[in-house]
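Undergrad: curious how this folds, go ahead:
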Amino acid sequence: MNIDWTLLLSALGLALVFEGIPYFLFAEKMPKVLLTLANQPKKHLRILGLTSIILGILVVSFARSAAN
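TA: Presented below is the predicted three-dimensional model:
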């Protein structure tokens, strides 16, 4: 299996950009949001994480199929 390191690093960089946007745009509100998330039951956080993973896979799949 060949790994396309350029694509992998580009995807990682893009993920970091998207992760940083809320902190840059809403710096004063993010601590409250993080505290709210920290107080959520673990089950809800796992559901949120799984939903994010599924949506990410669907977006990548759509992008790859649209590119072909």
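Undergrad: at the geometric centre of the chain, which residue sits there?
TA: In the chain, the centroid-proximal residue (Cα atoms, centre = their mean) is Ala15; its distance is 6.0 Å.
Undergrad: which is the next helix or strand following the strand or helix carrying that one?
TA: For Ala15, the host element (DSSP states H and E) is helix 5-25. For helix 5-25, the succeeding helix or strand toward the C-terminus, using DSSP H and E, is helix 30-38.
Undergrad: may I have that following helix as PDB, with CA atoms only?
TA: What follows is helix 30-38 as a C-alpha-only set of coordinates in PDB (Å, rounded to 0.1, in the frame of the first residue of the first chain):
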ATOM      1  CA  MET A  30     -14.800  29.200  23.500                       C
ATOM      2  CA  PRO A  31     -14.000  28.700  27.200                       C
ATOM      3  CA  LYS A  32     -17.800  28.600  28.000                       C
ATOM      4  CA  VAL A  33     -18.300  26.100  25.100                       C
ATOM      5  CA  LEU A  34     -15.500  23.900  26.300                       C
ATOM      6  CA  LEU A  35     -16.800  23.900  29.900                       C
ATOM      7  CA  THR A  36     -20.200  23.000  28.600                       C
ATOM      8  CA  LEU A  37     -18.700  20.100  26.600                       C
ATOM      9  CA  ALA A  38     -16.600  19.000  29.600                       C
END
